[in-house]
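[1] Let me see the structure of the following:
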Amino acid sequence: MKTTRFSLLMLGLGLGMTAFSSCSKEQDAAAPASTAAVQAAKVEEAYPSQTGPAQVSKLGVYQQINGENILEGDIILTASQVNPTGPQTESAGRNTGKWPSAVVYYTIDAALPSQNRVTDAITHWQTYTAVRFVPRTTQANYVTFRVGSGCSSNIGMIGGRQYINLASGCTTGNTIHEIGHALGLFHEQTRNDRDTYVNILTQNIQSGYENNFVKYSTSGYSGTDFGALDFGSIMMYGSFSFSSNGQPTITKKDGSTFNIQRSALSAGDRAGIDIMY
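    The predicted structure is shown next:
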């Protein structure tokens, strides 16, 4: 079975990330018609169409938007993550970033519309992985699904209450993606070994979104990659994600393009989570 290599954020003080937006930076209209037709799935953003000044922390570069620390467009970092203390080792990150016994406690805010997006996404994760989702009663560490400006999440378990934010345009597939972040996954295109598999065409990336394509290790984070890069991963951008001119931002090494998918966990996604948890 093909296994995917996931980029698991490993920070000694915990993991943080944010949710996706109702709008997308997929430039479908500018892309060729044949490409536009298959680029219906949208890339997640915490604050659609908004960027902020680059901030440099001890662990790398992120953006500050509306008072929040945003990594890779839809990952919300906590204050302790951008200004960590103590050694940042992989083993510490793995222990603090994973949900104990692969159990995620959760609540759904009553104000969130179309709650079936959440329940369907949870059912999908439980059908294909060993991760379990249990309604929260009094547990200290849990996720709340709530209304957001876009689609975003913390990354991994950060301790206490954390959020997966869903705008009205966030689909079930986007929710599956954000849960992936909450479990500790980076975007697939930020893997350490990605240059073996893809070309990043920086000249075609929209201004202000360049950091979405930086390797997580370059940003200052340590983690572990599992398997080979998976072009079908639900955590992977498409070839035209965040394009400024309708030209690809990511291609395979032979120059060919590929589609984004936000329908389901790939076989590689499932295999990677099984290894993690």
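
[2] On the three-state scheme, A121 is what?
    helix (DSSP: H, G, I helix; E, B strand; the rest coil).

[3] how far away is the nearest residue to it once chain neighbours are set aside from G255?
    Setting aside the residues directly before and after it, A121 is nearest to T175 in space (C-beta to C-beta, 6 or more residues apart in numbering), at 3.9 Å. No exception for glycine: its C-beta is placed from N, CA and C like everyone else's. According to C-beta to C-beta, to the nearest Å, T175 and G255 sit 33 Å apart.

[4] Could you do A267 as well?
    Taken as C-beta to C-beta, the span from A267 to G255 is 26 Å.

[5] Looking at these two, which one has more neighbours?
    Taking neighbours as other C-beta atoms under 10 Å, A267 and G255 compare with A267 leading, 16 against 9.

[6] Against A228, how distant is that one?
    12 Å.

[7] And K253, by the same measure?
    Distance from K253 to A228, by C-beta to C-beta: 13 Å.

[8] what ranges do the helices span in this structure?
    In the chain, the segments counted as helices under DSSP state H are 33-38, 79-82, 90-97, 116-128, 172-182, 267-276.

[9] and among those helices, the most buried is which?
    helix 172-182 (a mean of 26; mean count of other C-beta atoms under 10 Å).

[10] Quick check, L185 in contact with I234.
    No. The criterion here is C-beta atoms under 8 Å, and L185 misses it with I234 at 9.3 Å.

[11] More neighbours: which of the two?
    Counted by other C-beta under 10 Å, L185 and I234 do not tie: L185 has more neighbours, with 29 against 25.

[12] Could I get the contacting residues of the residue nearest to S266 when sequence neighbours are not counted?
    Distance criterion C-beta to C-beta, 6+ apart; nearest residue to S266, sequence neighbours excluded, is G232 at 4.3 Å. By C-beta atoms under 8 Å, 6 or more residues apart in numbering, G232 lies in contact with Q261, S266, G268.

[13] Return the member of those residues nearest to Y216.
    Using C-beta to C-beta, G268 comes nearest to Y216 of those, at 17.8 Å.

[14] On the pLDDT front, check the closest one for me.
    Note for G268: predicted pLDDT of 89.

[15] With G220 instead?
    Reported pLDDT for G220: 61.

[16] go on, S217?
    73.

[17] again, but for F20
    32.

[18] cool, and E45?
    91.

[19] Quick check, it in contact with S153.
    No. E45 is beyond contact range of S153, at 11.9 Å (criterion: C-beta under 8 Å).

[20] list residues touching both of these two?
    What both E45 and S153 touch, as defined by C-beta under 8 Å, 6+ apart, is the set D74.

[21] low pLDDT regions in the stretch 101-250 of the chain?
    218-222 (pLDDT under 70).

[22] cutoff 80 now
    216-224, 226 (pLDDT under 80).

[23] where along it do the strands fall?
    Along the stretch 101-250 of the chain, counting by DSSP state E, counting those that start in this stretch, strands occupy 103-108, 132-135, 142-147, 150-153, 161-166, 198-200, 222-224, 250-252.
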